[in-house]
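Enquirer: please find the sequence and the predicted model below.
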Amino acid sequence: MKITPEPQKSILTKILTKLNVPTEHAEIVADVTLDADLKGFSSHGIGRFPQYIKGLESGTIKTKGDIEIENETVSTALINGNHLFGHYVSYKSMQLAMEKARETGIGMVGIHDSNHFGVAGYYSDMAIMEDLIGLVIANTEPAVAPIGGKIPILGTNPIAIGIPSNKNYVSVDMATSASARGKLMEAVRRGEKIPKNVALDCEGNPTIDPQEALNGSILPFGAHKGYALAFMIEILAGPLVKAAFGTGVTGTATPEEMCTKGDLMIAIDPSKLIDLNIFKDQVDEFINQVKSTDNIFIPGDMEVRNVSKHQQNGIDIDDKLYQQFIDISHKLKIDLENLFTK
Ligand SMILES: NC(=O)c1ccc[n+]([C@@H]2O[C@H](COP(=O)([O-])OP(=O)(O)OC[C@H]3O[C@@H](n4cnc5c(N)ncnc54)[C@H](O)[C@@H]3O)[C@@H](O)[C@H]2O)c1
């Protein structure tokens, strides 16, 4: 089955509002989720949605109240997300970081007591769209064992950096694990194997079985370097923002548990250091240098290609996911069937 972008957004918004999620929150969740599917991050798109429903049903995602600013300076803030949808909390927090960056050159907003926020790159894109640099990091419940170990202590700790330019979309958005955990969950749902060199089973042996990998651990990307980066993110998105860290992080992949992870949103205004157009031209000039050598991709190209492919051809929905949506539609008494196409 397939679904096209507008129906996807309207389905998700409809389901969430029916579950008492305020319209503004629902629209942001639907937009971030669609962004993931369009960019090809299906592990964090509509396939992740049943997890959010479970979170709402078990009360770990709240629908009432708002975020609170616990402390604030001209360039920093600490946000209590009050367990609202992570997408909404992150959106509002990046908006605040951007406001501060426009005023002081840099805005840094830490978040605790939020929820899973989908794709990190959505929030760095918010900065790019306003000619700011965006940097987003988060920790997650443990999935990655330190190099040499087999017990997961670190999260898949995503990092996204977005940079404005005149001609290119420049964005890296990735987990610091060899694979996002969502890709393993997706492989379990689809009955697929995972690539070699991505994960270990609980005995510490390499595995291509996604369920064994989820019970075991995911390797960091790039050997010790991915581990070292994930280690640092665990602290910057943990103790620094009054969130949990290491084995204390819960609720990012287990929706029945309260989410204790943290996030850090940073926005930088390049115009406070250099003429904005010179900066953006130089970013494009650098990309020309990189691309002049061969048929080379830059960070962000994959997303641009995927967005145009999915806008044209729609987003694939596997049979199991389709059935999950049909079950949700029966439960909530809303008609969704005609929004999916063969
Ligand atoms: N919410 C969470 O807790 C959480 C946790 C982990 C990951 N995630 C999300 O999962 C998604 C997928 O992460 P992933 O690690 O599987 O991504 P990935 O391994 O597919 O890497 C994606 C990044 O690599 C870049 N890239 C790909 N090929 C390239 C090439 N040849 N040259 C240069 N750059 C290239 C892409 O442009 C993109 O920015 C991300 O959106 C991430 O934010 C979220």
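Expert: Thanks, I have it.

Enquirer: what sits closest to Tyr91 if chain neighbours are left out?
Expert: Among residues not flanking Tyr91 along the chain, Ile28 sits closest, at 5.0 Å (C-beta to C-beta, 6 or more residues apart in numbering). Backbone N, C-alpha and C define where each C-beta goes, glycine included.

Enquirer: host element of Leu135?
Expert: With secondary structure defined by DSSP states H and E, Leu135 is part of strand 133-138.

Enquirer: next one: that strand to chain centre, how far?
Expert: The gap between where strand 133-138 is centred and where its chain is centred comes out at 11 Å by C-alpha atoms, centre = their mean, to the nearest Å.

Enquirer: which strands or helices does that strand pack on?
Expert: The contact analysis (3 or more C-beta pairs under 8 Å, 6 or more residues apart in numbering; DSSP states H and E) places strand 133-138 against helix 86-104, helix 121-128, strand 159-163, helix 224-236, strand 262-268.

Enquirer: ok, now with 7 Å
Expert: Helices and strands touching strand 133-138, by 3 or more C-beta pairs under 7 Å, 6 or more residues apart in numbering; DSSP states H and E, are helix 121-128, strand 159-163, strand 262-268.

Enquirer: near the ligand, anything from the last one?
Expert: Right, strand 262-268. No. Using C-beta under 6 Å from any ligand atom, no contact is recorded between strand 262-268 and the ligand, whose separation bottoms out at 8.8 Å.

Enquirer: quick check: can you name the pairing partners of that strand and their directions?
Expert: strand 106-112 (antiparallel), strand 133-138 (antiparallel) (DSSP bridges).

Enquirer: any idea which of the ones you listed is most buried?
Expert: The highest average neighbour count among the strands paired with strand 262-268, using mean count of other C-beta atoms under 10 Å, belongs to strand 133-138 at a mean of 26.

Enquirer: can I get that strand in PDB, CA atoms only?
Expert: Written as PDB, here are the backbone C-alpha positions of strand 133-138 (Å, rounded to 0.1, in the frame of the first residue of the first chain):
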ATOM      1  CA  ILE A 133      22.800  27.200  11.800                       C
ATOM      2  CA  GLY A 134      20.900  24.500  13.800                       C
ATOM      3  CA  LEU A 135      22.400  21.800  16.000                       C
ATOM      4  CA  VAL A 136      20.200  19.200  17.700                       C
ATOM      5  CA  ILE A 137      21.300  16.300  20.000                       C
ATOM      6  CA  ALA A 138      19.400  13.900  22.200                       C
END
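
Enquirer: report the angle between it and strand 159-163.
Expert: Per axes from the mean of the first three to the mean of the last three C-alpha atoms, to 10 degrees, the angle that strand 133-138 makes with strand 159-163 is 170 degrees.

Enquirer: what does strand 133-138 rub up against?
Expert: Contacts of strand 133-138 from elsewhere in the structure, counted by C-beta atoms under 7 Å, 6 or more residues apart in numbering, are 94, 117, 120, 123-124, 126-128, 157-164, 233, 236-237, 261-268, 270.

Enquirer: show me which of these are buried.
Expert: For the contacts of strand 133-138, a burial check counting by 16 or more other C-beta atoms under 10 Å picks out 94, 117, 120, 123-124, 126-128, 157-164, 233, 236-237, 261-268, 270.

Enquirer: which residues of the chain score low on pLDDT?
Expert: Applying pLDDT under 70 to the chain flags no residue at all.

Enquirer: for it, which residues are neighbours of the ligand?
Expert: For the chain, the residues in contact with the ligand under the definition C-beta under 6 Å from any ligand atom are 41, 43-44, 116-121, 138, 140, 156, 158, 160, 171-175, 179-180, 182-183, 252, 297-300, 302-303.

Enquirer: show me those that map onto strands.
Expert: In strands, judged by DSSP state E, the following of these are found: Ala138, Ala160, Ser171, Val172, Asp173, Met174.

Enquirer: which residues sit in contact with the last one?
Expert: Under the criterion of C-beta under 7 Å, 6+ apart, the contact partners of Met174 comprise Pro158, Ile159.

Enquirer: bridging across strands, which residues link to it?
Expert: Each beta-bridge partner of Met174 is listed here, defined by DSSP bridges: Ile159.

Enquirer: surely Lys280 is within a helix?
Expert: Yes. With the criterion set as DSSP: H, G, I helix; E, B strand; the rest coil, the secondary structure at Lys280 is a helix.

Enquirer: right, and it touches Ile163 too?
Expert: No. Lys280 is not in contact with Ile163 according to C-beta atoms under 7 Å; the separation is 8.8 Å.
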